[in-house]
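pasting the sequence and the predicted model now:
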Amino acid sequence: MPDEARVVIFDLDGTLLAVNSFPRWIRFLLAGRMPGLSPGRRIALSLGTARLLARRKLGRLDHEGFKARVQALWRASGADEAALAPFVASLRGQIRPAFAPLLARVATGEIAAVLATAAPADYAEPLGAALGFRHILATPSPAPAGLAGNTGAVKRDRVLALLAHLGWERRARVFFTDHEEDLPLILDCAVIGWFGPAVQLTQLIAPASALHPCLDASPAQLAALLERAA
């Protein structure tokens, strides 16, 4: 039966994944090995990514500007989900094993869940769908006017708007995350499963009773956190 008492919000990089997906995506684009994409388009995508990476390393692009331009390159290449499939498969291999039982419950609809990430929607949405998520918020491409990356207050506001749209705004919120940039959303959640460094955990301005270190948590311990949100 569906759990109608709570909603579980999952961050992606450093939380569900034990790694940061974005640098891996850049390496994937530089390598240019995309099934179904013509050699000319692969080369153009690889060279374009290399040029943007050089600008980023020289300080001529900030992270969000770099990400937006890489997303535009990907979109312009005409690549589809088949071209992305090897990358999505590689990321699935980086899912923290302790999350497997919770993800199985997400996939069956037993758990009301949202995947909320700053990662590009270009690959975060196919990955999230492959993991069983029905609701995915990522950095869109192209981004609507005035919308920055899906981080900080932007991420909080988009999550809360989605919950209201789904009629889940009164449900207790459990949030798995690893980054202090998520503090705006952390402060709006009842239970936080923390995958970041312990030193950051002690520095977060949030109710101590809501914060739970999870880097070494077992599947049973992660599942038990859901019961703390009533």
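Done, it's in. Everything numeric here is computed off the predicted structure, so don't read it as measured data. Residues are numbered from 1 along each chain as shown.

drop to CA atoms for contacts and neighbour counts, all remaining ones
Will do.

contacting residues for Thr151?
Thr117, Ala118, Glu181, Asp182 (CA atoms under 8 Å, 6 or more residues apart in numbering).

need these in a markdown table with pLDDT, can you?
Below are these laid out as a markdown table (pLDDT from 0 to 100):
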| residue | pLDDT |
| --- | --- |
| Thr117 | 97 |
| Ala118 | 95 |
| Glu181 | 92 |
| Asp182 | 94 |
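
from those, pick the one nearest Asp157.
The nearest member of these to Asp157, counting by CA to CA, is Asp182 at 11.4 Å.

neighbours of the closest one, just the number please.
Per other CA atoms under 10 Å, the neighbour tally for Asp182 reads 19.

contacting residues for it?
Listed by CA under 8 Å, 6+ apart, the contact partners of Asp182 are Thr151, Gly152, Ala153, Lys155, Arg156.

if we can go back for a sec, farthest-apart pair in the contacts of Thr151, please.
Distances among the contacts of Thr151 were taken as CA to CA; the most separated pair is Thr117 and Glu181, at 11.3 Å.

which one's more surrounded, those two?
Using other CA under 10 Å, the more surrounded residue of Thr117 and Glu181 is Thr117, with 24 against 13.

possible to save the contacts of Thr151 as TSV with secondary structure and distance to Ser77?
Below are those laid out as TSV (DSSP: H, G, I helix; E, B strand; the rest coil; distance: CA to CA, whole Å):
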residue	secondary structure	distance to Ser77
Thr117	strand	24
Ala118	strand	22
Glu181	helix	32
Asp182	helix	32
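
model confidence for Pro144, exactly?
Looking at Pro144, its pLDDT reads 70.

please tell me how far it sits from Arg51.
25 Å (CA to CA, to the nearest Å).

could you point out the helix or strand that follows the longest helix anywhere in the chain?
Longest helix in the chain by number of residues (criterion: DSSP state H): helix 39-57. As assigned by DSSP states H and E, the chain's next helix or strand after helix 39-57 is helix 63-77.

beyond that following helix, next helix or strand please.
helix 81-92.

tell me the mean pLDDT for that following helix?
Throughout helix 81-92, pLDDT has a mean value of 94.

and that helix, how far out from the chain middle?
With CA atoms, centre = their mean, to the nearest Å as the basis, helix 81-92 stands 15 Å off its chain's centre.

ok, residues contacting that helix?
Contacts for helix 81-92 (CA under 8 Å, 6+ apart): Leu17, Ser21, Trp25, Phe28, Met34, Pro35, Gly36, Leu37, Tyr123, Pro126, Leu127.

could I get the residues you listed as TSV with neighbour count and distance to Arg60?
Putting the contacts of helix 81-92 into TSV (neighbours: other CA atoms under 10 Å; distance: CA to CA, whole Å) gives the following:
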residue	neighbour count	distance to Arg60
Leu17	18	29
Ser21	21	22
Trp25	19	20
Phe28	16	22
Met34	21	28
Pro35	16	32
Gly36	13	33
Leu37	17	30
Tyr123	20	25
Pro126	17	30
Leu127	21	30
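
do a quick rundown of the strands in this structure.
3-10, 111-120, 136-139, 172-177, 191-194, 211-213 (DSSP state E).

packing partners for the helix or strand of the chain with the lowest mean pLDDT?
Here the helix or strand of the chain ranked lowest by mean pLDDT, DSSP states H and E is helix 198-203, holding a mean of 80. Counting contacts by 3 or more CA pairs under 8 Å, 6 or more residues apart in numbering; DSSP states H and E, helix 198-203 packs against strand 211-213.

distance between the strand it packs on and the chain's centre?
Distance of strand 211-213 from its chain centroid, counting by CA atoms, centre = their mean, is 19 Å.

which positions in that strand come out as buried?
For strand 211-213, a neighbour-count test (16 or more other CA atoms under 10 Å) marks Leu211, His212 as buried.
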